[in-house]
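Visitor: A structural model of the following input is requested.
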Amino acid sequence: TPGGQNILIDGGPAKSAVKRLGENLPFWDKRIDLMILTHPHDDHVSGLVEVLKRYEVKRILYTGATHNSPNYLTWLKTVRDKKVPMSIVDKPKTVALGRGVELKIFYPERSFLNKEVKDLNDSSIVMKLIYGQSAFLLTGDAGLEVEKALLAGGADLTAEVLKVGHHGSEYGTSQEFLDKVRPRTAVISVGKDNDFGHPNLRIVKRLERAGARIWRTDLNGTVRMESDGM
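Guide: Residues are numbered from 1 along each chain as shown. Prediction:
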């Protein structure tokens, strides 16, 4: 951020987050001021374990939803061993980051703490990073039900950049949701030759019809964006 904070949202699989942090931060900068786990599926939490081991993490936001995967349990244990302060996201809130930057958290609107959720994707933290006139909507793996809740709640979802939900699957990015966001740029975080057929072609075409320029990590590699707030 302009104030010098390093914020990490999700960690991908294995050691991917550590590798990308090493490519984008100075070698001497081993500090993560805020780590956010949108939801505890392996492809979001696994990479955070190694980050905790190699970086000084100051604070963590997560939902506390119950999940028994070994990687999530390892992450929780490592967090406790490192004594990193954790906060539960259970309602909309705004995190002020200084110098005109704020993180508006829209979802979840209720507590998932210690609860088993039928579809963990729909427990994803959805948030908008705002810097001056620039806005980035970050959706985790939130699907259609979460999109409906956000639309019904009247949140200001408008954003220049949309991190497309659930790797561009058919279970998210409805037309009604896109009409509200009106993104100029869409980023799809997706692995090469994944077993799920992500991103879904209909979603890609929907984004194109909406006028969004699409960047895909499977085709374009790491996508880096900078904003001056204008």
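Visitor: In this structure, what residue spans correspond to helices?
Guide: Taking DSSP state H as the criterion, the chain carries its helices at 16-24, 42-54, 70-82, 144-153, 175-181, 201-209, 217-220.
Visitor: list the buried ones in the last one?
Guide: Under the neighbour-count criterion of 16 or more other C-beta atoms under 10 Å, helix 217-220 has 217, 218 buried. For glycine as for every other residue, the C-beta is placed from the backbone atoms N, C-alpha and C.
Visitor: what does the third one give?
Guide: Within helix 70-82, the residues that qualify as buried by neighbour count (16+ other C-beta under 10 Å) are 71, 72, 75, 76, 78, 79.
Visitor: thinking again about what came up before, dump the helices of the chain to a markdown table, plus distance to residue 3.
Guide: Listed next are these as a markdown table, based on distance: least, C-beta to C-beta, whole Å:
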| stretch | distance to residue 3 |
| --- | --- |
| helix 16-24 | 17 |
| helix 42-54 | 21 |
| helix 70-82 | 24 |
| helix 144-153 | 28 |
| helix 175-181 | 26 |
| helix 201-209 | 32 |
| helix 217-220 | 27 |
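Visitor: Most tightly packed of those?
Guide: When neighbours are counted by mean count of other C-beta atoms under 10 Å, the highest per-stretch mean among the helices of the chain falls to helix 42-54, a mean of 21.
Visitor: neighbouring contacts of that one?
Guide: Residues outside helix 42-54 that contact it (C-beta atoms under 8 Å, 6 or more residues apart in numbering): 8, 10-18, 21, 30, 32, 35, 37-38, 57, 69, 71-72, 74-75, 78-79, 82, 84, 140-141.
Visitor: and if we set it to 6 Å?
Guide: 10-18, 37, 69, 71-72, 74-75, 78, 82 (C-beta atoms under 6 Å, 6 or more residues apart in numbering).
Visitor: Export only the CA atoms of that helix, formatted as CSV.
Guide: Backbone C-alpha positions of helix 42-54 (Å, rounded to 0.1, in the frame of the first residue of the first chain) are rendered in CSV as follows:
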residue,chain,number,x,y,z
ASP,A,42,-6.5,-26.3,0.1
ASP,A,43,-5.9,-24.2,-3.0
HIS,A,44,-6.3,-21.1,-0.9
VAL,A,45,-4.7,-22.0,2.4
SER,A,46,-1.8,-24.4,1.6
GLY,A,47,0.6,-21.8,0.5
LEU,A,48,0.0,-19.7,3.6
VAL,A,49,1.7,-22.3,5.8
GLU,A,50,5.1,-21.6,4.3
VAL,A,51,4.5,-17.9,4.4
LEU,A,52,4.0,-18.1,8.2
LYS,A,53,7.3,-20.0,8.5
ARG,A,54,9.3,-17.5,6.4
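Visitor: Now do the contacts for the spatially most central residue of the chain.
Guide: For the chain, the residue lying nearest the average C-alpha position, counting by C-alpha atoms, centre = their mean, turns out to be residue 140 (4.2 Å). Shown here is residue 140, whose contacts under the criterion C-beta under 6 Å, 6+ apart are 38, 39, 124, 125.
Visitor: Kindly report the same for residue 215.
Guide: With contact taken as C-beta under 6 Å, 6+ apart, residue 215 is in contact with 187, 223.
Visitor: Report pLDDT for it.
Guide: Model confidence at residue 215, expressed as pLDDT, equals 98.
Visitor: Begin at 26 from now on, thanks
Guide: With the count now opening at 26, the last piece we talked about shows up as residue 240.
Visitor: measure it to residue 251 for me?
Guide: Taking C-beta to C-beta, to the nearest Å as the measure, residue 240 and residue 251 are separated by 14 Å.
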